[in-house]
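Undergrad: Take this sequence and fold it.
(chains A and B)
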Amino acid sequence: MNNSSESEYAIQAKGLSKHFGDLKAIDNLDISVEKSRIYGFLGPNGCGKTTAIRMLTGLLTPTSGEIEVLGLRLPQEAEKLRLKIGYMTQRFSLYNDLTVKENLQFISKIYGITGTQQKKRIDELLSIYGLNHKQTQFAGSMSGGQRQRLALAAATLHKPELLFLDEPTSAVDPENRREFWEQLFDLCDQGTSVLVSTHYMDEAERCHKLAILEDGVKRADGTPEELMNNMAAHVIEISAPELRQLKQHLMSLPEVITGSQLGARLRVLIHNTVTDPIGFIMQHSNLTADFVDLVRPSLEDVFVTCTGNSRQ
Amino acid sequence: MMLSLLRIQAIFFKELTQLKRDRMTFGMVIMIPLVQLMLFGYAINTNIRHIPVGVVDQSQSALSRVLVQTISATQVVKFEQQFQDIKTAEDALKRSEIRAILIIPPDVTKRVARHPSSGFGLPASSDEETSRPIAQWLVDGADTAIAATIKSLRNMPLSELVSVKPANRSTPTFEVTLYYNPEQRTAVNIVPGLIGIILTMTMIMFTSAAIVREREQGNMEMLITTPIRSIEIMLGKIIPYIFIGVVQVVIILGLGYLLFDVPVNGSLLSLLAITLLFIAASLTLGLVISTIAKNQLQSTQMTIFVLLPSILLSGFMFPYEGMPLAAQYIAEAFPATHFMRLIRGVVLKDLEFTDLTFDIYWLGLFTIIGLAVASMRFKKTLG
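TA: This is a model prediction of the structure:
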């Protein structure tokens, strides 16, 4: 379907900035999203994820920077882009007082899909997203998970090449979240590129690639593995009594980025300027090596290391 | 830059479906014209009758009692209380128990006898004596309509009082012929005017709320990411309300004819033409409000802010000619004022809509400007 000459990227943005008065919602952001991949924006609330997505969909004009999405320059060619992208908003934005089927029929007409083509596509979506027996139910009376499947069905109705999902699973339980991601991988498998924003670590970890955003600035990007391997810190787990006091003591050391207790264990991030982290802990805690382990970093460790959240 | 009929139609049918399910709004569409027509048709009457009044009879004569009866017979006032002195009567006036006090002086018999209209020529009365009225009214003048009605009693003929053919009852200076509403029934003027009021109310309120709701509930956020244009959203949303407006006009004129015998003298085509034009003007006003208001409460507040002057200055209840010049200029800006002239012209005076070109042009101009402003502002809210 695509020309071979076309770029391998679904989204390319350089030096993207959006300022609202003095507030720099997005500052000098560079991103490249490969086609048929799931790309994640990971960051706390208010870090600029939604602003970034709105600029990449052409809804918001950037203060400065260049954007090319699916070979179209934004914001100049935003109108043309509308037919090629799907956008699932953070808040459920279909009509609560219309039924599942009516909502989908409405969206079909908006995209100019009518007649048998419309019927076929809606039936297809209803079975993919398990909404067959819910057709005549009002969207407003459905559970969070069902509503979110309906929203995904609506956003993919016109078979967009690129899908934007703004915190898609914030109103969904873990069971439904896992199911939702299976559906995203199915879409991805069929050639759809996906850009998803989230503040859940487990969700970010599922992305092929992700960017960690904080205060409108990209702190790190890459595959989850790359991010974890290249992390500028060691992760140590300590199993010992009196962890509260130990934590307090360790946190006062400049080499320690953060410490957090997980039940009977204390997870400590130590700056990688320290070459022997286990020795470092032993030296500062009178514990023997039996109690101290060097463990594999998690995405949360990466997130904490590269954002300013290190000292709560 | 072609508009897509399919997309407009999608919005249109969605709006109809939602309206059908919103029982309250749907009920209001029917109930507002129905109830208001009953209320205004029956309740509003500029022919004031049976004003509660009191009397202080200082003469206590046979003539004074006949005088009270004669005044009662006019049905303009109703004597509800008797007072011993003026002070207690004034207190009752203050408490609004009565709206006026009739004070009959002790020498009322003599005054009547000397009054020129009573027709007793002899003995010839001096100028000073003849200039004396026979009794006095103290009126609660706060309400100008009540005051004017009592004032109209000033020249009440005394012939019945003394059952003598008056000698100097004069021929009127003017003969007055009343066109269009010879029986002077208030409903004839009110019912067509009511169309303007109800359309102003429902059209502005429904459209402004309908679009604001879409934004409030987050639907707009989804719509703007689709290929739909803002003008298509607006057209799709207001077209259902054009039908609602026409239904309301049919209810008002139909019931007005059945219950209040208000004729429709003009052609139905003219009626439809001016009604559609006015609906369009009101809808665009609602659209403009919807682009400014952030939520449904604000849109309701702004609607009322526009609604009140638009109704009060429209000439619906108070004649346009009676307003000061500044108010007349403001009134000219509102579509309701022009529609009031148009609808009364067509319904009562059998005017063709082509005869009222200025009002037609103004409504047309208002619609075009309104649409332009709304589309411009609507775009802004997306960015």
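
Undergrad: Which parts of the chain belong to which domain?
TA: In the absence of a named chain, this looks at chain A. A:9-227, A:232-296 (automatic domain parsing).

Undergrad: Oops, wrong one, chain B.
TA: Taken from automatic domain parsing, chain B resolves into B:5-44+B:184-382, B:51-162.

Undergrad: winner for burial among the ones you listed?
TA: Mean neighbours per residue, mean count of other CB atoms under 10 Å in any protein chain shown, is largest over the domains of chain B for domain B:5-44+B:184-382, with a mean of 19. Where C-beta positions appear, they are placed from N, C-alpha and C, glycine not excepted.

Undergrad: is it up against chain A anywhere?
TA: Yes: judged by CB under 8 Å from any CB of the partner chain, domain B:5-44+B:184-382 comes into contact with chain A at B:6-7, B:9-10, B:13-14, B:17-18, B:21-22, B:217-228, B:382.

Undergrad: Next step: those restricted to strands.
TA: Among the residues of domain B:5-44+B:184-382 next to chain A, no member falls in strands (DSSP state E).

Undergrad: sorry, back to before: right, so of the domains of chain A, which gets closest to chain B?
TA: domain A:9-227 (3.5 Å; CB to the nearest CB).

Undergrad: about what we covered before: in helices only, show me the residues of domain B:5-44+B:184-382 next to chain A.
TA: Among these, the ones falling in helices (DSSP state H) are B:6-7, B:9-10, B:13-14, B:17-18, B:21, B:219-223, B:382.

Undergrad: Any idea how many residues pack against residue A:105?
TA: Close neighbours of residue A:105, defined as other CB atoms under 10 Å in any protein chain shown, add up to 21.

Undergrad: my guess is it contacts residue A:121, does it?
TA: No: at 10.3 Å, residue A:105 does not count as touching residue A:121 under the criterion of CB atoms under 8 Å.

Undergrad: and the residue of the stretch 1-150 of chain B nearest chain A?
TA: Counting by CB to the nearest CB, the stretch 1-150 of chain B gets nearest to chain A through residue B:10 (3.5 Å).

Undergrad: pLDDT score for that residue?
TA: On pLDDT, residue B:10 comes in at 94.

Undergrad: which residues touch it?
TA: If a contact means CB atoms under 8 Å, 6 or more residues apart in numbering or on different chains, then residue B:10 has A:106, A:109-110, B:236 as its contacts.

Undergrad: most surrounded residue in the residues you listed?
TA: Busiest of the contacts of residue B:10 [other CB under 10 Å] is residue A:110, holding 24 neighbours.

Undergrad: What score does the nearest residue to it once chain neighbours are set aside have for pLDDT?
TA: Spatial nearest neighbour of residue A:110, excluding adjacent residues (CB to CB, 6 or more residues apart in numbering or on different chains): residue B:226 at 4.9 Å. As predicted, residue B:226 sits at a pLDDT of 90.

Undergrad: dump the residue contacts of residue B:226.
TA: Contacts of residue B:226 (CB under 8 Å, 6+ apart): A:82, A:107, A:110-111.

Undergrad: Lowest-confidence member of the residues you listed, which is it?
TA: Within those, the minimum per-residue pLDDT falls on residue A:82 (90).

Undergrad: In contact with the closest residue to that residue other than its chain neighbours, which residues?
TA: Closest residue to residue A:82 apart from its sequence neighbours, by CB to CB, 6+ apart: residue B:227 at 4.4 Å. Contacts for residue B:227 (CB under 8 Å, 6+ apart) come out as A:79, A:82-83, A:110-112, B:4, B:7.

Undergrad: same question, residue B:44
TA: B:186, B:190, B:317.

Undergrad: among those, which are in helices?
TA: Among the contacts of residue B:44, the members falling in helices (DSSP H) are B:186, B:190.

Undergrad: ok, so of the contacts of residue B:44, who is nearest residue B:98?
TA: Nearest to residue B:98 out of the contacts of residue B:44 is residue B:186 (CB to CB; 24.4 Å).

Undergrad: The closest one against residue B:47, yeah?
TA: Yes: at 6.7 Å, residue B:186 and residue B:47 qualify as touching, with contact defined as CB under 8 Å.

Undergrad: ok so, going back, comparing the domains of chain B by mean pLDDT, which bottoms out?
TA: Taking the mean pLDDT of these, domain B:51-162 comes last: a mean of 84.

Undergrad: So what's the gap between that one and the chain middle?
TA: Centre-to-centre, domain B:51-162 and its host chain are 32 Å apart (CA atoms, centre = their mean, to the nearest Å).

Undergrad: Kindly report the same for stretch B:186-194.
TA: Averaging C-alpha positions (CA atoms, centre = their mean) puts stretch B:186-194 8 Å from its chain's average.

Undergrad: I'd guessed residue A:55 sits against residue A:18; true?
TA: Yes: using CB under 8 Å, residue A:55 makes contact with residue A:18 at a distance of 6.0 Å.
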